[in-house]
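Undergrad: fold the following.
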Amino acid sequence: MIRVCKEEEYSVLIEILRSSFAPSSIDKRIEEKFGKVIGFDWWERKAVDVMKQVEDFPGGVYVEELEGKITGFITTYVDRKFSTGRICTLAIRPKHQGKGIGTRLIIHALKIFKEEKLKLARIEVLEENKGAYKLYKKFGFEPVASNVNMARKIDK
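TA: Numbers count the residues shown, from 1 in each chain. Below you'll find the predicted structure:
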């Protein structure tokens, strides 16, 4: 069952994010290369990003619930001015990946975008995240540009 996430469940989103994004997080890669930034773990930085998405558009956060437990979530944003729907984050508990949950959440987001009469849907993915890349292409998302994420330490 897909439904809007309740505020008291936001901590569950962070738990899912932490376990599912470990293999494909830019923040984790930065930490692996440069170490923790002022003592914070990669997932704490990513959690702040996701909570900002939740704060900006709380009605656009949907969870898949199975047997009373949240198995995955999607955060979306609707920009009516530019007629664009954005899928910001899609995260599925690792033990539930490959079971169609991501597919159902994307279908739900696209349905919302269609109901809003939007003209374009956007999503970002690391090219090497083959599973997600393949999933998004299945829904007709097409690559339009590549982005290289770079970082450096700032000397004292």
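Undergrad: list the contacts for I112?
TA: G60, T76, V78, G85 (Cβ atoms under 8 Å, 6 or more residues apart in numbering). Where you see a C-beta, it was placed from the backbone N, CA and C, and this is true even at glycine.
Undergrad: and those as TSV, adding neighbour count, distance to A151 and secondary structure?
TA: Shown next, in TSV, are the contacts of I112 (neighbours: other Cβ atoms under 10 Å; distance: Cβ to Cβ, whole Å; DSSP: H, G, I helix; E, B strand; the rest coil):
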residue	neighbour count	distance to A151	secondary structure
G60	21	29	helix
T76	25	28	strand
V78	18	31	strand
G85	22	29	strand
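Undergrad: and which of those is nearest to H108?
TA: Set against H108, the nearest of the contacts of I112 by Cβ to Cβ is T76 (8.9 Å).
Undergrad: I figured the closest one hits T84, correct?
TA: No - between T76 and T84 there is no contact under Cβ atoms under 8 Å: 10.9 Å.
Undergrad: grab the nearest non-local neighbour of the residue nearest to the spatial centre of the chain.
TA: The centroid of the chain falls nearest to T89 when counting by Cα atoms, centre = their mean (1.2 Å). Once flanking residues are discounted, T89 sits nearest to T75: 4.5 Å by Cβ to Cβ, 6 or more residues apart in numbering.
Undergrad: and that neighbour, bridged to which residues?
TA: Beta-bridge pairing for T75 (DSSP bridges): V61, T89.
Undergrad: number of nearby residues for it?
TA: 25 (other Cβ atoms under 10 Å).
Undergrad: residues contacting it?
TA: By Cβ under 8 Å, 6+ apart, the neighbours of T75 are V50, Q53, V54, F57, G60, V61, I87, C88, T89.
Undergrad: what is the neighbour count of the first one?
TA: One way to gauge burial is a neighbour count; for V50, by other Cβ under 10 Å, it gives 22.
Undergrad: put the alpha carbons of the helix or strand Y133 falls within into CSV.
TA: Using DSSP states H and E, Y133 falls within helix 130-138. What follows is helix 130-138, C-alpha atoms only, in CSV (Å, rounded to 0.1, in the frame of the first residue of the first chain):
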residue,chain,number,x,y,z
LYS,A,130,22.9,0.3,-12.9
GLY,A,131,19.8,-1.0,-11.2
ALA,A,132,18.2,2.5,-10.7
TYR,A,133,19.4,3.6,-14.1
LYS,A,134,17.7,0.6,-15.8
LEU,A,135,14.5,1.2,-13.7
TYR,A,136,14.2,4.8,-14.7
LYS,A,137,14.8,4.0,-18.4
LYS,A,138,12.0,1.5,-18.2
